[in-house]
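J.: One predicted model, sequence on top.
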Amino acid sequence: MTESLFVSCTPGLEAPLAVELAALGLAARVVTGGCEVADAPQGSFVRVNVQSRLASRVAWRLGQLETPAALARLPVSALLGPGPFQLGISEEPGARCAVPAEVWRNAAVKAWGALGEGPELSFRLSRAGCAVSVDTSGALLYQRGARQETGKAPLRETLASGVLKLCGWKPGEPLWDVTCGSGTIVIEAAEQSLGLQPGRARPFAFQAFPSVTAQALDEARLPGPAVKTWLHGSDLNAGALGVARRNARRGGVFEAITLARVDATTLVRPQTAPGLIVANLPYGKRVGAKFDLHGLYQGVGAALRRGFSGWRFGFLLQEGEDALGLALDARAPVKNGGLWCQVVTGRVP
Ligand SMILES: C[S@@+](CC[C@H](N)C(=O)[O-])C[C@H]1O[C@@H](n2cnc3c(N)ncnc32)[C@H](O)[C@@H]1O
């Protein structure tokens, strides 16, 4: 038996997500907001939930039904347990279903009993009928379970990994996050270098499904190979560094990284092979009108030109990248906190 999945992600990460899914052996079709996977081997959603660093959520598509009467034939209890189930109904814009939502809801209650707390089913109504799927993730997948404290403008772990992917970073390449804040990017890099699965410590909605064994979850959580990598994080804010230190400790990666208080405009080349300078630079209105963003970007660019010839760079920012004074090889749009931003990448000449 195969299964069909919809794996959602932060807008802008769809293509890297398809590459990640391919590495998990799953052929994915990129659509806005995620990837569709048809004919995946049974239980694939367990591996995607536990091992994907970019996915926000994994929905398992149980069937496409033409009429409400067909609901009774879906083996929902065998797959998901006896219920009760939660039910969300949405309609595809401009493609009205001939059968009203209320009729589908009543048919669901008739087939599976009263709705309540439990696995979250969703009905997507369209001209073709009703697509039935169930959420297999539970809490959004950026919640890895280790980070309990955040800094001022923390990145979601999934976007931190997305930034690394868009920079083309892989374990083994030295990495320095020069505005690391609570450490999200450098901690993600450390987990990858140590072969730790992102979902090694958190619970998932699929654990309530009788069709999923504890052994399948344990197997998905097994670590991969470790690759020794120089990983460093720095920030001007000592409080943020304390948070980063505690998050790294909780995540079991403290020994794999170093942290220091450094002004990103005064960076000095470290004693390692050239690698990647990465940063989620401060941007936008959140930093306040008094903060000199232009001066910071100018200072970071100047520090790289002074001492980092041959290093690669990748910055997540909204605008103002000209102030870096560095030629860009690529820019990839990505959404952060509801705002379109970009990851700009290049190599210091
Ligand atoms: C958008 S936040 C980074 C958030 C981080 N990615 C996280 O997940 O927590 C920007 C960071 O830049 C730091 N920062 C601002 N000016 C700096 C400077 N001149 N040198 C180093 N860090 C600076 C701030 O303290 C803040 O932690």
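T.: Everything's here; your move.
J.: burial measure for Gly63, as a count.
T.: Using other C-beta atoms under 10 Å, Gly63 is surrounded by 16 other residues. Where C-beta positions appear, they are placed from N, C-alpha and C, glycine not excepted.
J.: Can you check the pLDDT for it?
T.: Note for Gly63: predicted pLDDT of 95.
J.: what about it, which helix or strand?
T.: If you go by DSSP states H and E, Gly63 is part of strand 55-65.
J.: Pull that strand out as CSV, backbone CA atoms only.
T.: C-alpha atoms of strand 55-65 as CSV (Å, rounded to 0.1, in the frame of the first residue of the first chain):
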residue,chain,number,x,y,z
ALA,A,55,8.8,20.8,6.5
SER,A,56,6.3,22.8,8.6
ARG,A,57,3.7,20.0,8.7
VAL,A,58,2.8,16.7,7.0
ALA,A,59,-0.7,15.9,5.9
TRP,A,60,-1.6,12.4,4.9
ARG,A,61,-4.2,12.3,2.2
LEU,A,62,-6.7,9.5,3.0
GLY,A,63,-8.9,9.8,-0.1
GLN,A,64,-10.7,11.9,-2.7
LEU,A,65,-14.4,11.3,-2.4
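J.: Now do the very next helix or strand once past it: which elements does it pack against?
T.: Next helix or strand after strand 55-65 toward the C-terminus (DSSP H and E): helix 76-80. Contacts defined by 3 or more C-beta pairs under 8 Å, 6 or more residues apart in numbering; DSSP states H and E place helix 76-80 against helix 101-112.
J.: Residues contacting the helix or strand following the helix it packs on, please?
T.: Later in the chain than helix 101-112, the nearest helix or strand by DSSP H and E is strand 120-126. With contact meaning C-beta atoms under 8 Å, 6 or more residues apart in numbering, strand 120-126 is reached by 59, 62, 76, 80, 85-92, 95-97, 99, 101, 104, 108, 130-135, 205.
J.: Name every strand pairing with the helix or strand just after strand 120-126 and say which way it goes.
T.: Note on strand 120-126: by DSSP H and E, the next helix or strand toward the C-terminus is strand 129-135. Applying DSSP bridges to the sheet, strand 129-135 is found paired with strand 55-65 (antiparallel), strand 120-126 (antiparallel).
J.: how about CSV for the ones you listed, with distance to the ligand added?
T.: Output for the strands paired with strand 129-135, formatted as CSV (distance: least, C-beta to the nearest ligand atom, whole Å):
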stretch, distance to the ligand
strand 55-65, 17
strand 120-126, 28
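J.: Let me have these in JSON lines, extended by distance to Gln298.
T.: Converted to JSON lines, the strands paired with strand 129-135 look like this (distance: least, C-beta to C-beta, whole Å):
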{"stretch": "strand 55-65", "distance to Gln298": "35"}
{"stretch": "strand 120-126", "distance to Gln298": "48"}
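J.: Which of those strands sits closest to Glu188?
T.: Taking C-beta to C-beta, strand 55-65 is the member of those nearest to Glu188, at 13.8 Å.
J.: quick one: buried residues of that closest one?
T.: 55-63, 65 (16 or more other C-beta atoms under 10 Å).
J.: quick one, the strand holding Gly63 and helix 101-112 angle?
T.: Calculated by axes from the mean of the first three to the mean of the last three C-alpha atoms, to 10 degrees, strand 55-65 forms an angle of 90 degrees with helix 101-112.
J.: From the chain's centre, how far out is strand 55-65? Work that out for me.
T.: In this view, strand 55-65 has its centroid 17 Å away from the chain centroid, taken as C-alpha atoms, centre = their mean, to the nearest Å.
J.: Could you list the residues in contact with that strand?
T.: By C-beta under 8 Å, 6+ apart, the residues outside strand 55-65 that reach it are 3-10, 17, 20, 34, 45, 48-49, 52, 70-71, 74, 76, 79, 121-122, 128-137, 140-142, 158.
J.: Skip the chain neighbours and tell me the closest residue to Arg269.
T.: Excluding its sequence neighbours, the residue lying closest to Arg269 (C-beta to C-beta, 6 or more residues apart in numbering) is Gly307, at 4.1 Å.
J.: buried stuff in stretch 302-316?
T.: 302-304, 308, 311-316.
J.: now, among these, which is nearest to Arg261?
T.: Nearest to Arg261 among the buried residues of stretch 302-316, counting by C-beta to C-beta, is Ala303 at 15.5 Å.
J.: Which residue is the nearest non-sequential neighbour of the closest one?
T.: Leu267 (4.3 Å).
J.: isn't that neighbour right up against Ala302?
T.: No - shown here, Leu267 and Ala302 do not form a contact pair, counting by C-beta atoms under 8 Å, at 9.7 Å.
J.: okay, now the residue of the stretch 151-300 of the chain found nearest the ligand: neighbour count?
T.: Proximity of the stretch 151-300 of the chain to the ligand (C-beta to the nearest ligand atom) peaks at Gly181, 2.7 Å away. For Gly181, the count of nearby residues is 25 (other C-beta under 10 Å).
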